[in-house]
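Undergrad: Turn this into a model:
(one chain, ligands or ions: 1)
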Amino acid sequence: MSDLSQQIRKGDGLIIVDLQWDFCPGGLLPVPDAHNTLPLLNKWIGRALAQNMPVYVSRDWHPKNHISFLERGGPWPPHCIQDTDGAQFHPDLLRDDKMVVVTKGTRFDKDQNSVFDETGFHQQLIHDGVRHLIIGGLALDGCVLQTVLDALHNGVQISVIQEGTRPMDAEAGRRAIERMAKEGAVII
Ligand SMILES: [Zn+2]
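TA: Residues are numbered from 1 along each chain as shown. Here you go, the predicted model:
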């Protein structure tokens, strides 16, 4: 990648999706190789903060016995349960007081894969003057894909840091990239 600072413009924002212990190798719902996104994502975070670009970090934050868990007939093993170690951000993720945390997955009646799904996130982007989001995080074929599609549906331009995300499933990851590009996302 060329100089990151040249790629940052007024109206840009950065969103890092669900870089939590449970989604990394050793966690309860690991995405293969997930931790290897951290060096590149930290570079993006550092540059964004240095240029006063809004930076958001989302987290999956489920109540115990969440409706998305297998025990309730959902698709996933229990993961990212509120206040557990596994729900914490990966310790190597660069953090700063200026970063805004977006919490999702808290609803009792449904899962929220997209960061836009009834979180008020779009309203916050409007408030912050963000018209173009740059996105990385986990998982490419899950929450990242759904967030990208929702951004486009809300009229927010979006660029995907391809080396800053990983899929649960390699083939689904390839399809996700294809679909996002077809829908209008820029793959960087
Ligand atoms: Zn979840």
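
Undergrad: Could you use CA atoms for every contact and neighbour count after this?
TA: OK.

Undergrad: ok, now which ones touch the closest residue to L49 other than its chain neighbours?
TA: In space, and not counting its chain neighbours, L49 is closest to V55: 7.2 Å by C-alpha to C-alpha, 6 or more residues apart in numbering. By C-alpha atoms under 8 Å, 6 or more residues apart in numbering, the residues touching V55 are G13, L14, I15, I16, I45, A48, L49, K98, M99, V100.

Undergrad: could you redo the last one with a cut-off of 7 Å?
TA: By C-alpha atoms under 7 Å, 6 or more residues apart in numbering, the residues touching V55 are G13, L14, I15, A48, M99, V100.

Undergrad: Look up how far D150 lies from it.
TA: 18 Å (C-alpha to C-alpha, to the nearest Å).

Undergrad: The longest strand along the chain: partners in the sheet, and parallel or antiparallel?
TA: The residue-count maximum for a strand in the chain (DSSP state E) belongs to strand 157-166. Strand pairing for strand 157-166, using DSSP bridges, gives strand 132-138 (parallel), strand 186-187 (parallel).

Undergrad: which of the ones you listed is buried the deepest?
TA: Per residue and on average, the most neighbours among these fall to strand 132-138, with a mean of 25 (mean count of other C-alpha atoms under 10 Å).
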